[in-house]
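> the sequence isn't on hand, but the structure is:
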């Protein structure tokens with residue numbers, strides 16, 4: 001699927017399903033990862049196509065710097081990430097950025113709070129919660 005075709009509702013549901021399935025953050029040794037051990041993924045990693053993903057993305061914030069900046073000009077993989085991110089519809093990119101911030105804050109994963117915070121983003125963005133994912137307790 002082309003990034004410009006990634007509908008905000010579809011991206012939201014795909015990210016929520018992945019986060020629910022894994023039940024926690026996608027973590028490396030010291031930080032969150034787009035693609036972590038044991039098939040864990042962050043919110044953005046859940047919708048990032050395998051054909052685009054590269055380990056060089058780890059440690060790069062989402063959305064990444066704009067294409068054409070010097071850091072991305074020197075790193076073709078990161079430039080591909082930026083081009084993918086900025087080809088997404090703005091509403092989809094903004095929603096993923098919000099989900100990513102929630103994912104990356106370890107406090108959101110304590111005491112089953114994550115689902116409530118993700119649900120709040122969905123409600124505030126006029127998105128429907130996936131029918132096959134419980135609304136609380138994870």
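Yep, it's here. Since we're looking at a predicted model, the values are computed, not measured. Residues are numbered from 1 along each chain as shown.
> and the next helix or strand past the helix or strand of the chain with the lowest mean pLDDT?
Across the helices and strands of the chain, mean confidence by mean pLDDT, DSSP states H and E is lowest for helix 70-74: a mean of 59. On the C-terminal side of helix 70-74, the closest following helix or strand by DSSP states H and E is helix 76-87.
> by contact count, what packs against that following helix?
Counting contacts by 3 or more Cβ pairs under 8 Å, 6 or more residues apart in numbering; DSSP states H and E, helix 76-87 is packed against helix 70-74. From N, CA and C alone the C-beta is placed, and that goes for glycine too.
> secondary structure class for residue 60?
When classified by DSSP: H, G, I helix; E, B strand; the rest coil, residue 60 comes out as coil.
> thought it was touching residue 77?
No. With the criterion set as Cβ atoms under 8 Å, residue 60 and residue 77 do not qualify as a contacting pair; they are 9.6 Å apart.
> which of these two has more neighbours?
Here residue 60 and residue 77 are set side by side on neighbour count (other Cβ atoms under 10 Å), and the busier one is residue 60, at 18 against 14.
> and that one, what is it in contact with?
For residue 60, the contact set (Cβ atoms under 8 Å, 6 or more residues apart in numbering) comprises 78, 81.
> what about residue 90, neighbour count?
Taking other Cβ under 10 Å as the neighbour definition, residue 90 ends up with a count of 9.
> next: residue 131.
Here the number of neighbours of residue 131 (other Cβ under 10 Å) works out to 6.
> kindly report the same for residue 115.
The number of residues packed around residue 115, counting by other Cβ under 10 Å, is 19.
> give me the element it is part of.
In this structure, residue 115 is located in helix 114-124 according to DSSP H and E.
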